[in-house]
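Visitor: what follows is a predicted protein model with its sequence.
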Amino acid sequence: MMDWTDRHCRYFHRQLTQHTRLYTEMVTTGALLHGDVPRHLDFNEQEHPVALQLGGSEPDDLAQCARLAEQWGYDEVNLNCGCPSERVQRGAFGACLMTEPQLVADCVKAMRDAVAIPVTVKHRIGIDRTESYDFVRDFVGTVAEAGCEVFMVHARNAWLKGLSPKENREVPPLRYEMVYRLKRDFPQLTICLNGGVTDEAQIALHLQHLDGVMVGREAYHNPWAMVAWDERFFCAAHAAPDRARVEAAMVEYMERVALGGEPWSRVVRHMLGLWNGLPGARRWRQVWSDHRLNHLPARIVAQQASNARCHAVALRGDAFTA
């Protein structure tokens with residue numbers, strides 16, 4: 001989810017679900033230790049519970065970054081051992097770390113020794129064409145011995161050569177049973193599933209076998225699906241938001257962002273799926289995506305987008321009437 005789940009995206013998603021845990025895009029240890037820490041770690045209080053996902057393979061560096069995460073108020077630190085991109089491989093972290101379970105264990109121990117917040121790991125079920133359950137079982141067992149209690153398991157192999165990151169999300173087959181088997185073999189651990197989940201019914205099915213489900217791109221492209229999650233999966237009964245109010249809240253947020261010197265367009269790109277599936281959604285997206293309007297205040301563009309959506313709905317109604 002690089003360049004996707006930034007703080008603006010997470011602020012938007014928190015308007016839709018109050019209890020789902022939100023994860024940052026992966027931040028490398030080098031970016032934190034040698035770069036602009038506030039730019040990478042700043043977030044809105046409304047985002048809690050929120051986890052920082054780190055990319056790295058040096059225990060001392062990861063420990064230092066975990067301390068930063070705790071100081072900035074994050075609720076969890078997650079070590080990425082699942083990203084298959086070649087750029088990440090050149091940094092010797094991401095999915096290639098699965099071939100070095102003891103190193104991952106050392107990284108987890110260093111972070112756990114440094115902070116009181118939970119340290120978790122996200123990984124794949126295998127590397128390249130190896131489809132042995134023993135591989136992922138031994139990886140989880142070794143890392144668990146270092147004190148990791150929560151594993152987010154992407155139920156596909158990571159092919160480190162020959163596939164792009166996008167293809168790595170689609171070509172290697174999903175094997176959910178391997179994740180279920182991990183839970184049976186490690187009942188004391190929290191095992192969460194990631195990969196290929198597209199609707200609420202699938203989440204409910206996986207939760208019959210596992211402790212949690214991580215949803216990425218589907219939640220990003222069809223964010224309104226998250227509105228039902230609090231009541232169904234967290235037994236939290238509260239008034240569901242409506243889309244117009246969510247949009248209004250985001251316009252207020254965009255205006256605050258603009259006052260801080262950041263273009264509001266960096267916010268709106270994350271909420272273009274708000275009206276997905278409803279009449280007028282396409283016209284609404286077109287207005288918000290029109291770069292010629294970026295110089296206008298967000299509230300003016302919001303009004304234009306709303307008018308365009310309502311006009312499209314009216315035209316569709318006339319067509320049905322005719």
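Guide: Now that the structure is in, tell me what you want to look at.
Visitor: all strands for the stretch 151-300 of the chain, in order.
Guide: Remark: strands assigned in the stretch 151-300 of the chain by DSSP state E, counting those that start in this stretch are 190-194, 212-214.
Visitor: per-domain residue ranges of this protein.
Guide: If you go by automatic domain parsing, the domain ranges for the chain are 7-234, 243-321.
Visitor: which of those is buried the deepest?
Guide: Of all those, domain 7-234 has the most neighbours on average by mean count of other CB atoms under 10 Å, namely a mean of 18. For glycine as for every other residue, the C-beta is placed from the backbone atoms N, C-alpha and C.
Visitor: mean pLDDT and distance to residue 78 added to the strands of the stretch 151-300 of the chain, as CSV?
Guide: Output for the strands of the stretch 151-300 of the chain, formatted as CSV (pLDDT from 0 to 100; distance: least, CB to CB, whole Å):
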stretch, mean pLDDT, distance to residue 78
strand 190-194, 98, 11
strand 212-214, 98, 10
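Visitor: need those strands in JSON lines with distance to residue 133, can you?
Guide: Output for the strands of the stretch 151-300 of the chain, formatted as JSON lines (distance: least, CB to CB, whole Å):
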{"stretch": "strand 190-194", "distance to residue 133": "14"}
{"stretch": "strand 212-214", "distance to residue 133": "21"}
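Visitor: tell me which of those strands lies nearest to residue 14.
Guide: Closest of the strands of the stretch 151-300 of the chain to residue 14 is strand 212-214, at 16.4 Å (criterion: CB to CB).
Visitor: which secondary element of this protein has the worst mean pLDDT?
Guide: When the helices and strands of the chain are scored by mean pLDDT, DSSP states H and E, helix 86-90 comes last with a mean of 56.
Visitor: just checking, next helix/strand downstream of it?
Guide: In the C-terminal direction, the helix or strand that comes right after helix 86-90 (DSSP states H and E) is helix 101-114.
Visitor: give me the contacts around that following helix.
Guide: For helix 101-114, the surrounding residues in contact (CB atoms under 8 Å, 6 or more residues apart in numbering) are 56-60, 62-64, 66-67, 77, 79, 81, 97-98, 119, 121, 138-139, 142-143, 145-148.
Visitor: what is the mean pLDDT for that helix?
Guide: Mean per-residue pLDDT for helix 101-114: 97.
Visitor: now it: how far from the chain's centre is it?
Guide: 23 Å (CA atoms, centre = their mean, to the nearest Å).
Visitor: and after it, which helix or strand comes next?
Guide: strand 119-127.
Visitor: for that next one, packing partners?
Guide: In terms of contacts (3 or more CB pairs under 8 Å, 6 or more residues apart in numbering; DSSP states H and E), strand 119-127 is packed against strand 76-81, helix 101-114, helix 133-145, strand 150-158.
Visitor: residue 302: which of those is closest?
Guide: Nearest of those to residue 302, taken as CB to CB: strand 76-81 at 33.9 Å.
Visitor: that'll do, ta.
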